[in-house]
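> next input, structure requested:
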Amino acid sequence: MILQSMIPVDQREAATARLPAMKPVQGSWITIDDAYSAQMAEKARLMTQNRQAVCRMTVGAEPAVGELLDYVLEEIAGLSGFERDGDRITRPDGMQIDILRDDPFLSLSQLVTEDLCVLEKRGDEHVLTAALLCFPAAWTLAEKIGRPLTRIHVPVAPYNENIARRVQRLFDGIQPNKPIWRANLHTYEEPDLFHVRGENDPRPYKNIDAHYERSERQTVLRLPNSGAVLFAIHTCVVALP
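Model (predicted):
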């Protein structure tokens, strides 16, 4: 069981705002908290035992994913606890990681707890062209990879045509070096971080036996060279009193 001691106050407050409810990121978009080491170990386990379920890349997405690795390396260079010696990174928990340029998602999975979804403009919509998704909250990467935003959000009830237009405008307008974020918060019966559910699986009306709160800090930013949009998700799970 991997739990944080608390959901940050600003994240809890942001979770009550209406969609898309984005605000500018203050500081870094990468989170290092009291569950960092445990979440990193869980990502390593999933990448070793079930990589196809948590990591996908479509043809043509390689440049954007390579740029994402460089972008993250630049971001963590300014964070306390990370040290770099050439292509070797020492993490805040003391683990040493060798950067593999020919497998950028493996390297990314060993550096940050965030799930990383890369979306690129194809026609009128952004399409999920690559993703490292170890901690899905009731969805399945295999059903979403290669799909546009409107199709990705099937069957999310609040995601109607009006919200879809607003989100697409947001993705079109996001500027490099100006990341924005929002949050959500839901109750769950189990604390599992790898929580998959298919689009056609039954959806409970209410978690009457909920014992945990799960909140996602969702960051949207633009990679400056490829123009791809990154949707980064940091997951926080706490026990209810």
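
> show me where pLDDT drops low in this structure?
Within the chain, the ranges that satisfy pLDDT under 70 run 19-20, 154-159, 202-208.

> number of residues surrounding residue 99?
Using other C-beta atoms under 10 Å, residue 99 has 19 other residues around it. C-beta here means a position set from N, CA and C on the backbone, and glycine is covered the same way.

> residues in contact with it?
69, 73, 87, 88, 89, 107 (C-beta atoms under 8 Å, 6 or more residues apart in numbering).

> same deal with residue 152?
Per C-beta under 8 Å, 6+ apart, neighbours of residue 152: 128, 144.

> circling back: buried ones among the contacts of residue 99?
Buried members of the contacts of residue 99, counted by 16 or more other C-beta atoms under 10 Å: 69, 73, 89, 107.

> re the thing from before, tell me which of the contacts of residue 99 fall in strands.
Counted as lying in strands by DSSP state E, out of the contacts of residue 99, are 88, 89.

> can I get the contacts of residue 99 in JSON lines including distance to residue 116?
Below are the contacts of residue 99 laid out as JSON lines (distance: C-beta to C-beta, whole Å):
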{"residue": "69", "distance to residue 116": "10"}
{"residue": "73", "distance to residue 116": "13"}
{"residue": "87", "distance to residue 116": "19"}
{"residue": "88", "distance to residue 116": "21"}
{"residue": "89", "distance to residue 116": "16"}
{"residue": "107", "distance to residue 116": "11"}
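
> wait, which of the contacts of residue 99 is closest to residue 96?
Checking those against residue 96 by C-beta to C-beta gives residue 88 as the nearest, at 5.9 Å.

> who's in contact with that closest one?
Contacts of residue 88 (C-beta under 8 Å, 6+ apart): 96, 97, 98, 99.

> thinking again about what came up before, now the two most distant members of the buried ones among the contacts of residue 99.
Across the buried ones among the contacts of residue 99 (C-beta to C-beta), the longest gap, 11.2 Å, separates 69 and 89.

> tell me the phi and psi of residue 86?
The phi and psi values for residue 86, taken as degrees, to the nearest 10, are phi 70, psi -120.

> show me the buried ones among the contacts of residue 99 that map onto helices.
69, 73, 107 (DSSP state H).

> so the first one touches residue 109, yeah?
Same thing as residue 69. No - with contact defined as C-beta atoms under 8 Å, residue 69 does not count as touching residue 109 (10.8 Å).

> would you map the helices across this protein?
9-14, 36-49, 51-54, 62-76, 104-109, 141-144, 149-152, 161-173.

> show me what the second one is packed up against.
This means helix 36-49. Contact partners of helix 36-49 among helices and strands, from 3 or more C-beta pairs under 8 Å, 6 or more residues apart in numbering; DSSP states H and E: helix 51-54, helix 104-109.

> centre of the chain to the longest one, how far?
Between the mean C-alpha point of helix 104-109 and the mean C-alpha point of its chain there is a distance of 13 Å (C-alpha atoms, centre = their mean, to the nearest Å).

> show me what that helix is packed up against.
Going by 3+ C-beta pairs under 8 Å, 6+ apart, helix 104-109 lies up against helix 36-49, strand 55-57, helix 62-76, strand 125-132.

> what does it contact?
43-44, 47, 55, 57, 65-66, 68-69, 72, 97, 99-101, 116, 130, 132, 134.

> buried ones only from those, please, as a PyMOL command.
Paste this into PyMOL to select the buried members of these, with burial taken from 16+ other C-beta under 10 Å:
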select buried, resi 43+47+55+57+65+68+69+72+97+99+116+130+132+134
